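Peer 1: Model the following, please.
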Amino acid sequence: MKKRCFWVSDDPLYIAYHDEEWGVPVYDDDTLFEFLILETFQAGLSWITILKKRENFREAFNQFDYKKIAKYNDDKCQELLNNAGIIRNKLKIKATITNAQAFMKVQEEFGSFSEYIWVFCNSKPIKNSFKNKEEVPATTELSDKISKDLKKRGFKFVGSTVIYAHMQATGMVNDHTVDCFRYNEV
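Peer 2: Numbering: from 1, shown residues only. Below you'll find the predicted structure:
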């Protein structure tokens, strides 16, 4: 039996996410935006809750098309608030629209969001070597720095904890524990 990170339950969705996505470096703007939005909605909730609603989010938010999301109006916000398939939080929905707009401004300035975000870790993943859950941080100085910079650029719901989770999910940091079979694969 494969040894996985401590946080993985026996839920097949969680196992697949851990084994195939979590910690794999992402350089594609569309995927980076999707994870940013999902991490925003996850704030205060469990990740498995978000994973179980991921397809509903995709459908509700136009496949995470930030160009479309940036143009959402009050009617679309109300439609989202009435959608039981997603997390119905008005502030997070509004933040998603704001973040789509800010995301495109970053693209304009840096050529891509990927170019912007990956510079923070010298364009390559940071490989940590944590042995257990007590060693894995919720935030770091780097996530603090990125969070501050994103907030200056107008992003919402991008506190250091959200950003560190985003960094883990998109492979900016490899936080698979050293005993996890994925540790040396990503």
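
Peer 1: Mind checking the pLDDT average for stretch 95-114?
Peer 2: Here stretch 95-114 scores 98 as its mean pLDDT.

Peer 1: So what touches that stretch?
Peer 2: The contact list for stretch 95-114 (CB atoms under 8 Å, 6 or more residues apart in numbering) reads 26-29, 32-33, 36-37, 40-41, 61, 66-67, 69-70, 72, 77, 116, 150, 153-158. Every C-beta, even on glycine, is put in place using the N, C-alpha and C of the backbone.

Peer 1: my guess is Thr98 is in a helix, correct?
Peer 2: Yes - with DSSP: H, G, I helix; E, B strand; the rest coil as the criterion, Thr98 is part of a helix.

Peer 1: and it, how many residues sit next to it?
Peer 2: When neighbours are counted by other CB atoms under 10 Å, Thr98 registers 16.

Peer 1: count of neighbours near the closest residue to Phe113 other than its chain neighbours?
Peer 2: Leaving aside its sequence neighbours, Phe113 sits nearest to Asp29 (CB to CB, 6 or more residues apart in numbering; 4.8 Å). Neighbour count of Asp29, defined by other CB under 10 Å: 20.

Peer 1: mind listing what the residue nearest to the spatial centre of the chain touches?
Peer 2: The centroid of the chain falls nearest to Phe35 when counting by CA atoms, centre = their mean (3.1 Å). Counting by CB under 8 Å, 6+ apart, Phe35 makes contact with Val26, His166, Ala169, Thr170.
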